[in-house]
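A.B. asks: predicted coordinates and the sequence they were generated for:
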Protein chains: 4
Amino acid sequence: MHVIVDFTVVPVGAGISLSGYVAEVERVLAESGLTFELHANGTNVEGEWDAVMAAIRACHERLHALGVPRIHTDVKLGTRSDRPQRMADKVASVKRVLGA
Amino acid sequence: MHVIVDFTVVPVGAGISLSGYVAEVERVLAESGLTFELHANGTNVEGEWDAVMAAIRACHERLHALGVPRIHTDVKLGTRSDRPQRMADKVASVKRVLGA
Amino acid sequence: MHVIVDFTVVPVGAGISLSGYVAEVERVLAESGLTFELHANGTNVEGEWDAVMAAIRACHERLHALGVPRIHTDVKLGTRSDRPQRMADKVASVKRVLGA
Amino acid sequence: MHVIVDFTVVPVGAGISLSGYVAEVERVLAESGLTFELHANGTNVEGEWDAVMAAIRACHERLHALGVPRIHTDVKLGTRSDRPQRMADKVASVKRVLGA
């Protein structure tokens, strides 16, 4: 089952500057081999369900190993059974409607 | 790694009444053996990371099998490495502060 | 426009124990006069759109005033134009399907 | 109070193709005058709290007016009291850490 995900990792109890931790999340995703893209409020990633979930788990494990005591993560998951869909299609579909 | 989760499954393209699908989600969770609790905007569940994620995946598979073509799910995940925490502790801690 | 909301306030850069801040969120909601209910991963609240949003804003303002430098909040919002719905109806509908 | 937001509008009971509705959300945001950017799983927007919330409300009102009977929206909100931050800074900070 292919899944398209947006997720945001919020380290708690590890200070106020989070960019170092977000960079670490990007490194974990790069190691996963999945397709992903950072945006201003999270990261979009897609792939087989178990591979994507394993990558998010690896992000938690990595940040805890770096000393983050508590992590809150939001995940938005989308699956479809009617037809295949990729992340790139989603933005393209909206832009087509907008004539952009 | 123990995880405390809140998730909301939103079936898309399957009509406007969602309670039958939410009931199915509760059945899948009951079958999983995990600790869970329905609330007005989602379901709280806790357990080992992989078991919880497998249960959420099973919810998607079950609803797609029932004919839901598209599913949007929100998940809030919390993990801690400083000390064990259970769902029941979280509400109790807040109530203790409130003197309730 | 009536809205049914679940929200979770995550204070960042204010230490690891969050229950005092969550208790403060509950106090702000009590002052708002809105219907709300704490659960293990957030708080459900309902009312007129602007009143609910003002309450969430008041939570941010209160926590910043208490010294929290950074706040991440998740909100799930539901509105309907087909018929009125209240929070209490949502759980009851699912339980009816489950025969519980 | 400046807020940086990611939000995803999920129309329910309005069929399976959502790109027309997402395009409408982009139009509402363009009319608002706020800074926003579509991504694969939502839209990032920033501005004064009340202006951003009014824009999200306008999205719900527009889609209901177009016949969508039920709308589920996820919002991630970030505020800071320690220093000003803009959306563009967030991605730039992470890229700086990554040396990209």
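C.D. replies: That came in fine, so what should we check first?
A.B. asks: now the strands: where do they sit in chain A?
C.D. replies: Assigned by DSSP state E, chain A shows strands spanning A:2-12, A:35-39, A:42-48, A:70-80.
A.B. asks: from what I see, residue A:40 and residue D:93 are in contact.
C.D. replies: No: assessed by C-beta atoms under 8 Å, residue A:40 is found out of contact with residue D:93, at 10.4 Å. Using the backbone N, CA and C atoms, a C-beta is placed for each residue, glycine as well.
A.B. asks: out of those two, which sits in the busier spot?
C.D. replies: Neighbours were counted for residue A:40 and for residue D:93 using other C-beta atoms under 10 Å in any protein chain shown; residue A:40 has more, 21 against 17.
A.B. asks: pLDDT score for residue A:76?
C.D. replies: Residue A:76 carries a pLDDT value of 98.
A.B. asks: kindly report the same for residue A:100.
C.D. replies: 72.
A.B. asks: give me phi/psi at the residue lying closest to residue A:69 once chain neighbours are set aside?
C.D. replies: Spatially, and ignoring its direct neighbours in sequence, residue A:69 is nearest to residue B:82 (3.9 Å; C-beta to C-beta, 6 or more residues apart in numbering or on different chains). When read as degrees, to the nearest 10, the backbone of residue B:82 gives phi -80, psi -30.
A.B. asks: run a quick neighbour tally on residue B:82.
C.D. replies: 12.
A.B. asks: how about it, what does it touch?
C.D. replies: A:13, A:69, A:70, C:16 (C-beta atoms under 8 Å, 6 or more residues apart in numbering or on different chains).
A.B. asks: can you tell me how far it sits from residue A:71?
C.D. replies: Here the criterion is C-beta to C-beta, to the nearest Å. By it, residue B:82 lies 11 Å from residue A:71.
A.B. asks: repeat for residue A:15
C.D. replies: In terms of C-beta to C-beta, residue A:15 sits 13 Å off from residue A:71.
A.B. asks: when those two are compared, which one has more neighbours?
C.D. replies: With neighbours defined as other C-beta under 10 Å, residue A:15 and residue A:71 compare such that residue A:71 has more, 23 against 14.
A.B. asks: next one, pLDDT for the more buried one please.
C.D. replies: 98.
A.B. asks: for residue B:88, which of the strands of chain A is the nearest?
C.D. replies: strand A:70-80 (17.6 Å; C-beta to C-beta).
A.B. asks: show me what that closest one is packed against.
C.D. replies: strand A:2-12, helix A:49-65, helix B:49-65, strand B:70-80, strand D:70-80 (3 or more C-beta pairs under 8 Å, 6 or more residues apart in numbering or on different chains; DSSP states H and E).
A.B. asks: so what strands line up beside it?
C.D. replies: Under the criterion DSSP bridges, strand A:70-80 sits next to strand A:2-12 (antiparallel), strand B:70-80 (antiparallel) in its sheet.
A.B. asks: show me which residues of the first one are buried.
C.D. replies: Residues of strand A:2-12 classed as buried under the neighbour-count rule (16 or more other C-beta atoms under 10 Å in any protein chain shown) are A:3, A:4, A:5, A:6, A:7, A:8, A:9, A:10, A:11, A:12.
A.B. asks: what would these look like in a markdown table with pLDDT?
C.D. replies: Converted to a markdown table, the buried residues of strand A:2-12 look like this (pLDDT from 0 to 100):
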| residue | pLDDT |
| --- | --- |
| A:3 | 98 |
| A:4 | 98 |
| A:5 | 98 |
| A:6 | 98 |
| A:7 | 98 |
| A:8 | 98 |
| A:9 | 98 |
| A:10 | 98 |
| A:11 | 98 |
| A:12 | 98 |
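A.B. asks: which of these sit farthest apart?
C.D. replies: A:4 and A:12 (26.6 Å).
A.B. asks: up against chain C, what does chain A have?
C.D. replies: Contact residues, chain A versus chain C (C-beta under 8 Å from any C-beta of the partner chain): A:8, A:10, A:11, A:12, A:13, A:15, A:16, A:18, A:69, A:70, A:72, A:74.
A.B. asks: could you identify the most distant pair in those?
C.D. replies: A:15 and A:74 (19.9 Å).
A.B. asks: how about the residues of chain A near chain D?
C.D. replies: Counting by C-beta under 8 Å from any C-beta, the residues of chain A near chain D are A:4-6, A:8, A:16, A:19-20, A:22-23, A:26-27, A:37-42, A:44, A:74, A:76, A:78, A:82, A:87-88, A:90-91, A:93-98.
A.B. asks: can you flag the buried ones in those residues?
C.D. replies: Buried among the residues of chain A next to chain D (16+ other C-beta under 10 Å): A:4-6, A:8, A:19-20, A:22-23, A:26, A:37-42, A:44, A:74, A:76, A:78, A:87, A:90-91, A:93-94, A:97-98.
A.B. asks: which phi and psi values does the closest residue to residue A:13 other than its chain neighbours adopt?
C.D. replies: Leaving aside its chain neighbours, residue A:13 sits nearest to residue C:16 (3.2 Å; criterion: C-beta to C-beta, 6+ apart). Per-residue torsions, residue C:16: phi -100, psi -20 (degrees, to the nearest 10).
A.B. asks: hmm, residue A:15 and residue C:16 touching each other?
C.D. replies: No: counting by C-beta under 8 Å, residue C:16 does not reach residue A:15; the two are 11.1 Å apart.
A.B. asks: list the contacts for residue A:39?
C.D. replies: D:6, D:37, D:39, D:44, D:91.
A.B. asks: name the nearest residue to the last one, ignoring sequence neighbours.
C.D. replies: With C-beta to C-beta, 6+ apart as the criterion, residue D:91 has its nearest non-adjacent residue at 5.6 Å, and that residue is residue A:40.
A.B. asks: can you pull the pLDDT of the closest residue to residue A:97 other than its chain neighbours?
C.D. replies: Counting by C-beta to C-beta, 6+ apart, residue A:97 lies nearest to residue D:23, which is 3.8 Å off, once chain neighbours are set aside. pLDDT, residue D:23: 96.
A.B. asks: is it true that residue D:23 touches residue A:98?
C.D. replies: Yes: counting by C-beta under 8 Å, residue D:23 does reach residue A:98; the two are 5.0 Å apart.
A.B. asks: dump the lowest-mean-pLDDT helix or strand in chain A to PDB, restricted to CA.
C.D. replies: For chain A, the helix or strand with the lowest mean confidence is helix A:87-98, at a mean of 93 (criterion: mean pLDDT, DSSP states H and E). The C-alpha trace of helix A:87-98 is given here as PDB (Å, rounded to 0.1, in the frame of the first residue of the first chain):
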ATOM      1  CA  MET A  87       3.100  13.400  -4.400                       C
ATOM      2  CA  ALA A  88       4.200  15.300  -7.600                       C
ATOM      3  CA  ASP A  89       0.700  14.600  -9.100                       C
ATOM      4  CA  LYS A  90      -1.100  16.400  -6.200                       C
ATOM      5  CA  VAL A  91       0.400  19.800  -6.700                       C
ATOM      6  CA  ALA A  92       0.300  19.400 -10.500                       C
ATOM      7  CA  SER A  93      -3.500  18.700 -10.400                       C
ATOM      8  CA  VAL A  94      -4.200  21.800  -8.400                       C
ATOM      9  CA  LYS A  95      -2.100  24.000 -10.600                       C
ATOM     10  CA  ARG A  96      -3.800  22.600 -13.700                       C
ATOM     11  CA  VAL A  97      -7.200  23.600 -12.200                       C
ATOM     12  CA  LEU A  98      -5.800  27.100 -11.500                       C
END
